[in-house]
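Peer 1: got a sequence here, can you model it:
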Amino acid sequence: MKVRTIDAPESPKAGGYSQAIEVADASKLLFISGQIGMRKDGTVPPEFELQCRVAWNNIKAQLSAADMTVSNLIKVNTFLSDRKYADENAKIRTEMLDGNRPANSSMVATILDSDWLLEIEAVAAN
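Peer 2: As a prediction, this is how the structure comes out:
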């Protein structure tokens with residue numbers, strides 16, 4: 001698989017993510033449904049930081065089950081329940097991606113359950 005990041009010089013510089021990702025010769029695509037900050041035992045921590053880390057660990061678990069890692073992520077969509085979480089989300093996302101810079105979108109949205117502070121969906125390829 002060949003992955004090429006594209007950051008067109010005519011567009012604004014992206015901070016911590018790529019404006020576009022081109023994937024050629026991929027043998028597998030993985031579409032990960034929205035992952036929330038719920039632990040396997042069904043508990044949801046009340047703090048944003050913990051929910052964000054749990055959601056990322058859930059993303060990593062799905063990747064691992066497909067024999068992939070965060071290096072295979074090509075697109076991440078994050079839905080935040082409040083704009084106030086944007087900076088903390090970006091910091092944790094950067095940490096969890098360990099140098100990978102997939103295409104990224106972050107939105108403020110009403111999330112299905114009021115206890116959930118974010119939801120993350122992703123696409124991976126190899």
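Peer 1: quick one: the helices in the protein?
Peer 2: Here the chain has its helices, by DSSP state H, at 48-65, 86-97.
Peer 1: can you say which of those helices is nearest to Leu30?
Peer 2: helix 48-65 (7.2 Å; CB to CB). Bear in mind the C-beta positions are built from the backbone N, C-alpha and C, glycine included.
Peer 1: helices or strands up against that closest one?
Peer 2: With contacts taken as 3 or more CB pairs under 8 Å, 6 or more residues apart in numbering; DSSP states H and E, helix 48-65 sits against strand 29-36, helix 86-97, strand 118-125.
Peer 1: Met68: which of the ones you listed is closest?
Peer 2: strand 118-125 (5.1 Å).
Peer 1: sheet partners, orientation included, of the closest one?
Peer 2: According to DSSP bridges, strand 118-125 has the following sheet partners: strand 29-36 (antiparallel), strand 73-80 (antiparallel).
Peer 1: which one of the ones you listed is the most hemmed in?
Peer 2: Mean neighbour count (mean count of other CB atoms under 10 Å) peaks for strand 73-80 among the strands paired with strand 118-125, with a mean of 22.
Peer 1: quick one: it to helix 48-65, angle?
Peer 2: Interaxial angle, strand 73-80 versus helix 48-65 (axes from the mean of the first three to the mean of the last three CA atoms, to 10 degrees): 150 degrees.
Peer 1: and strand 73-80 with helix 86-97, angle?
Peer 2: Per the same axes, to 10 degrees, the angle that strand 73-80 makes with helix 86-97 is 150 degrees.
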